[in-house]
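J.: structure for the following, please:
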Amino acid sequence: MSGPAITETVIQSGLIVPWEVAIAPDGRMFVTERPGTISVFESMAPMAKRVTSTQVSGVRAMGEAGLLGLALDPDFSRNQFLYICASRLDQGEWRNEVLRYRASTSALAVDTTILRSGIVASGLHDGCRMRFGPDGKLWIATGDGGLPARAQDATSLNGKVLRINADGSVPSDNPTLMGQSSPSAVYALGLRNPGAVAFDPRSGTCFVVDAGDQIQDEINEVSAGANFGWPAALGPNGSSRGFVDPVWSSGRSTLAVAGAVFLPGPEWGAWADSLVVATLKEQDLRRFTVDDKHATEHEILLNQKYGRLRAVTAAPDGSLLVGVRAGLVLSTFVALLAFIGLTPELSWVPEVPLLAVSVLVPLVAYAVTGFRAERRSRSIGSSVVASAVAGVVSGLAGGLSFVLFGKSLLNVPVGLVLGCLAGAVWGAVGAIVSARSRKSLDTSG
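T.: Residues are numbered from 1 along each chain as shown. Down below sits the predicted model:
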């Protein structure tokens, strides 16, 4: 099928791990940044002015957790409400909470907490995507938080598709799950780490995109009470056991599927109403047609051109906004394709103090342990070994400090490598100084 012409334009850059984007009817662009900032830009124009930003209180950003999903109220033009999902420390617990904010022309203010408890936050499988459906309800897809059993626990809100009213109450037409006496926020269950909730514009049917465990990424059609099987069933292997099979699965490999949206409007020509899915692992966009409970994969777009792609959102003008790890934001037309660039998972700008820590802590640790070890050594060779050991140990101390202050598991490998390198350098310097000192003493003696 011949596709439309696609162009790309940088819209914004310099954001710190942008996670989700939404365009208001008045053209303002709202972005959640995982460390905890909601940013508002005056338009989708390239490098448009940042009108305001606010820090969501209590956010603990670590691993996959932080400030995540974002959805604008269907009646945003009147009430100016937006909803965010944030991993917050609250009452001594780490939770994914849904908060409602009210936007003004130059500020954002908390209105209320819509969903405070029930979704456990975690550095692993912390998906929390939100969309308002054509029914006016807020749909939320949540990850299992690294504990697969939660996906099958009807009392847990992890590993589920949730459906709630805009005020946080439970719709009366939600399903009553097995073991429950009345409807709950849980609309469907059995998910691992969903990256998207999307609604087919032709039917209003909800679809959820779920990342598999090394195999079987899935696109699932959501229905009341559906159980997609995780962790008992992967891919199209569960219907005989009462689970709902996916409309598409990746088979024996994974793409690390993330954001997804149906292409809106006639601008997309023959691609209109196709489902577009972003991938993290394969670093591309993939187009699917969805018909009669079956999805078929077609073109691959942006193949490893911009790095890991996470968020995909349709703008009111028909353009597509795509979250890119390379730190860009692009836009296109006549099948506009736009990109919001995600900065790398480890942002080097705010981590500069941590880099200093990873270098200075090994120096201090070496000063305490290294020289003492050298002084006890009886030969140049043993002095060099003592210096090297002290350098690596002090490097580990530097790496640990990098991890603790960095608040992110992503810092673990970087911190350890930098700390050990710094420690080894200090150790080598100490060994050389010690060796020369001993040689000088031996010569003078």
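J.: residues in contact with Asp90?
T.: By Cβ atoms under 8 Å, 6 or more residues apart in numbering, Asp90 lies in contact with 58, 97, 116. Bear in mind the C-beta positions are built from the backbone N, C-alpha and C, glycine included.
J.: can you point out the buried residues in stretch 148-156?
T.: For stretch 148-156, the neighbour count (16 or more other Cβ atoms under 10 Å) marks 148, 150-153, 156 as buried.
J.: hmm, who's touching it?
T.: Residues contacting stretch 148-156 (Cβ under 8 Å, 6+ apart): 118, 120, 144, 158-160, 177-180, 184, 186, 189-192, 227, 230-232.
J.: mean confidence for it?
T.: Mean per-residue pLDDT for stretch 148-156: 97.
J.: how long is it from one end to the other?
T.: Stretch 148-156 has its terminal residues 11 Å apart, counting by Cα to Cα, to the nearest Å.
J.: check stretch 137-157 too.
T.: First residue to last in stretch 137-157 (Cα to Cα) measures 17 Å.
J.: and Val222, what is it in contact with?
T.: Val222 neighbours (Cβ under 8 Å, 6+ apart): 139, 161, 187-188, 205-208.
J.: pull the contacting residues for the spatially closest residue to it that is not a sequence neighbour.
T.: Closest residue to Val222 apart from its sequence neighbours, by Cβ to Cβ, 6 or more residues apart in numbering: Cys206 at 4.1 Å. Cys206 is in contact with 133, 139, 161, 197-199, 221-222, counting by Cβ under 8 Å, 6+ apart.
J.: next one: phi and psi at Cys206?
T.: phi -90, psi 140 (degrees, to the nearest 10).
J.: same deal with the one 5 residues further on?
T.: Geometry field for Ala211 lists phi and psi as phi -80, psi 130, criterion degrees, to the nearest 10.
J.: doesn't Arg192 make contact with it?
T.: Yes. Using Cβ atoms under 8 Å, Ala211 is in contact with Arg192, at 6.4 Å.
J.: let me see the domain layout of this structure.
T.: The record's domain parsing of the chain by automatic domain parsing lists 18-341, 352-444.
J.: distance to Ile11 for the ones you listed - can I get that in CSV?
T.: Below are the domains of the chain laid out as CSV (distance: least, Cβ to Cβ, whole Å):
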stretch, distance to Ile11
domain 18-341, 3
domain 352-444, 25
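J.: and Ala5, which of these is closest to it?
T.: Ala5 lies closest, by Cβ to Cβ, to one member of those: domain 18-341, at 5.7 Å.
J.: which parts of the chain are helices?
T.: 76-79, 352-376, 380-406, 411-444 (DSSP state H).
J.: need the contact list for the spatially most central residue of the chain.
T.: The centroid of the chain falls nearest to Glu64 when counting by Cα atoms, centre = their mean (5.2 Å). Applying Cβ under 8 Å, 6+ apart, we find Glu64 in contact with 122-127, 143.
J.: separate out the buried members of the residues you listed.
T.: 122-123, 125-127, 143.
J.: closest one to Ala315 out of those, please.
T.: Once Cβ to Cβ is applied, the member of the buried ones among the contacts of Glu64 that ends up nearest Ala315 is Gly127, at 22.9 Å.
J.: what score does the nearest residue to that closest one once chain neighbours are set aside have for pLDDT?
T.: Among residues not flanking Gly127 along the chain, Gly143 sits closest, at 3.7 Å (Cβ to Cβ, 6+ apart). Here the pLDDT value assigned to Gly143 is 98.
J.: and Gly143, how far from His125?
T.: 4 Å (Cβ to Cβ, to the nearest Å).
J.: same question for Phe30.
T.: Taking Cβ to Cβ, one finds Phe30 at 25 Å from His125.
J.: flag the shaky bits of the chain, pLDDT-wise.
T.: 1-2, 325-424, 426-428, 430-445 (pLDDT under 70).
J.: let's see that with 80 instead.
T.: Within the chain, the ranges that satisfy pLDDT under 80 run 1-3, 9-10, 265, 323-445.
J.: now do the buried residues in stretch 118-138.
T.: So for stretch 118-138, counting by 16+ other Cβ under 10 Å, buried means 118-123, 125-133, 137-138.
J.: give me the number of residues near the closest residue to Asp173 other than its chain neighbours?
T.: Spatial nearest neighbour of Asp173, excluding adjacent residues (Cβ to Cβ, 6+ apart): Pro183 at 7.4 Å. For Pro183, the tally of surrounding residues (other Cβ atoms under 10 Å) stands at 17.
J.: please apply the same query to Lys49.
T.: Residues lying near Lys49 (other Cβ under 10 Å) number 10.
J.: my read is that it contacts Ser39, right?
T.: No. When contacts are counted by Cβ under 8 Å, Lys49 is not listed as touching Ser39 (11.1 Å).
J.: Gly269 and Pro4: what is the separation?
T.: 5 Å.
J.: then Ser53?
T.: Ser53 is 34 Å from Pro4, by Cβ to Cβ.
J.: quick one: which of the two has more around it?
T.: Pro4 (17 against 14).
J.: rewinding a little: quick one: which of the contacts of Asp90 has the most company?
T.: Of the contacts of Asp90, with other Cβ under 10 Å as the count, Glu97 tops at 22 neighbours.
J.: show me the contacts for that one.
T.: Counted by Cβ under 8 Å, 6+ apart, Glu97 has contacts 85-86, 88, 90, 113, 115-117, 119.
J.: partners of it in the sheet?
T.: Counting by DSSP bridges, Glu97 forms beta bridges with Ala86.
J.: isn't Val186 right up against Met178?
T.: No. Applying Cβ under 8 Å, one finds Val186 not in contact with Met178, separated by 11.0 Å.
J.: more neighbours, the two?
T.: Of the pair Val186 and Met178, Val186 is the one with more neighbours under other Cβ under 10 Å, namely 25 against 8.
J.: leaving out sequence neighbours, find the closest residue to the more buried one.
T.: Spatial nearest neighbour of Val186, chain neighbours left out: Lys160 (5.0 Å); criterion: Cβ to Cβ, 6+ apart.
J.: the one you found - how many residues pack around it?
T.: 30.
J.: Ala224 - how many residues pack around it?
T.: Count around Ala224 with other Cβ under 10 Å applied: 14.
J.: thought Ala188 was touching it, still the case?
T.: Yes. The pair Ala224 / Ala188 is scored as a contact, 7.4 Å apart, by Cβ under 8 Å.
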